[in-house]
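Trainee: The following comprises the amino acid sequence and a computationally predicted model.
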Amino acid sequence: MTLTTLLAALAVLLALPLGAAAAPARDQLLAWKGEEQIFGYSHMSKIFSTKLIKRGPDIQNLPSGTPLMVRYELGSESGSIEDFMARNHVAALLVASHGKLVIERYGLGQTAATRWTSFSVAKSLTSTLIGVAIKEGHIGSINDPISRYIGELKNTAYEPVTIAQLMEMRTGVEWNEDYSDRNSDAWWLAREFASDRGRLVSYMAKKKRIAPPGSVFNYNTGETNLAGILVSRAVGEPISQYLSERIWSRIGTESDAYWVATGGLEVGGCCISMRPRDYLRFALFFLHEGSIEGKPILPPNWREQATTAYTQHAFGSVGYGWFWWPRADASYEAIGIFGQSVQTDPKAELVVVTLSAWPDADWQEGYARQEAFFTAVRAAVPASSPEPP
């Protein structure tokens, strides 16, 4: 065990209130259960190395709308908002309709001040930073080879892979994302967070090609970490700083956020800890075409391109875009394991943020219930903004 690991573990123990359960083991992130999840997901910056994402001086007001009453149905099961939260182990549930909060509830002992981890919702933020870097001219095109920006990937399976193929997870390079297999690449990555050694690029450079670039979809968190490193190399600064300067400090977030890092490198595919309302603020920024004070900071039509399904059925009926999960009806979602979700319906100007601690990483019952709840919310909100009184 390194000195860094010992000091981090000591910091967690000192942060625990008297009588609290022991902090979860940092090298067992994918195996945390129950109270370990609840403490761990809400205290990631006390367990892992992180980079600060600073907020700005002004906070965007999120006005309240008429409270929304929702009942969902899933087969023979039905229930209220409270039932949904209890059954799906929800820590925070926020719904915004036409920019107004119509549901804001907390569970699992959490509050509006909790910073809850994003897991793979972070991928959608990393994708957005690629768009900003293209708009600013730091990245030439989504068709550029990623090896142009990460030189260590030359003469590897990744040398011909383009940024677009990376974001679509169609690189053709091997990767095992099985969270139940402790010998999988996903488990190596989770342990890498704990070791704090920063070996993301060297690990990926050893991977073999198993299909032509652009031909096969394979969900790969390792490649989203490459995407984060690519942005950092292109813009010449850490992606946490770039996110703060270009977006986080300018969209009215109410709190600093923290990005898990290993060896000083932010993990582009995982684990930003932010307050529930700040998830919502980012979603609203993206919904409104990435404009700040009326000025776009993303290339034209970026949201539509990023939320286009380049793979039609990546997960059931949901497709995959540029680190976003699009649906056939033009709604889209940012998804993180263990029940993290930001669902958006642009036609209804609707955003649903759900932060959870599911018993399994990809809990099929949880996904089904979450989809049923989203369907019920969409049916309950007005199709267009109500006329002012």
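Mentor: Here it is on my side, so go on.

Trainee: can we go C-alpha only for contacts and neighbour counts from here?
Mentor: OK.

Trainee: Thought residue 338 was touching residue 363, still the case?
Mentor: Yes - between residue 363 and residue 338 a contact is recorded at 7.2 Å, counting by C-alpha atoms under 8 Å.

Trainee: At the geometric centre of this protein, which residue sits there?
Mentor: For the chain, residue 121 is the residue whose C-alpha lies nearest the centre (C-alpha atoms, centre = their mean; 1.1 Å).

Trainee: what stretches of the stretch 101-250 of the chain score poorly on pLDDT?
Mentor: Low-confidence segments of the stretch 101-250 of the chain (pLDDT under 70): none present.

Trainee: Mind jotting down where the helices sit in it?
Mentor: Using DSSP state H, counting those that start in this stretch, the helices of the stretch 101-250 of the chain run over 121-135, 163-167, 185-195, 200-205, 221-235, 239-243.

Trainee: Contacts made by the second one with the rest, please.
Mentor: Just to be clear, that refers to helix 163-167. 127, 141-146, 171, 213-214, 223-224, 227, 321-323 (C-alpha atoms under 8 Å, 6 or more residues apart in numbering).

Trainee: Can I get the buried part of the residues you listed as one ChimeraX selection?
Mentor: In ChimeraX, a selection of the buried entries from the contacts of helix 163-167 looks like this (16 or more other C-alpha atoms under 10 Å):
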select :127,141,142,144,145,146,171,213,214,223,224,227,321,322,323
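
Trainee: Run through the residues that contact residue 115.
Mentor: Residue 115 sits in contact with 42, 43, 257, 273, 274, 275, 276, where contact means C-alpha under 8 Å, 6+ apart.

Trainee: what comes up buried for the helix or strand hosting residue 83?
Mentor: Applying DSSP states H and E as the criterion places residue 83 in helix 81-87. Buried residues in helix 81-87, defined by neighbour count with 16+ other C-alpha under 10 Å: 81, 84, 85.

Trainee: How about stretch 111-122?
Mentor: Using 16+ other C-alpha under 10 Å as the test for burial, stretch 111-122 gives 114, 115, 116, 117, 118, 119, 120, 121, 122.

Trainee: Need the max-distance pair from these.
Mentor: Farthest apart among the buried residues of stretch 111-122 by C-alpha to C-alpha are 114 and 120. That separation is 18.2 Å.

Trainee: what comes up buried for the lengthiest helix in the chain?
Mentor: Ranked by residue count, the top helix of the chain under DSSP state H comes out as helix 364-380. Using 16+ other C-alpha under 10 Å as the test for burial, helix 364-380 gives 366, 367, 369, 370, 371, 372, 373, 374, 376, 377, 378.

Trainee: which phi and psi does residue 258 have?
Mentor: Here the main-chain torsion angles of residue 258 (degrees, to the nearest 10) amount to phi -130, psi 130.

Trainee: Just put the helices of the stretch 101-250 of the chain in JSON lines and tack on distance to residue 52.
Mentor: Putting the helices of the stretch 101-250 of the chain into JSON lines (distance: least, C-alpha to C-alpha, whole Å) gives the following:
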{"stretch": "helix 121-135", "distance to residue 52": "14"}
{"stretch": "helix 163-167", "distance to residue 52": "24"}
{"stretch": "helix 185-195", "distance to residue 52": "16"}
{"stretch": "helix 200-205", "distance to residue 52": "20"}
{"stretch": "helix 221-235", "distance to residue 52": "15"}
{"stretch": "helix 239-243", "distance to residue 52": "6"}
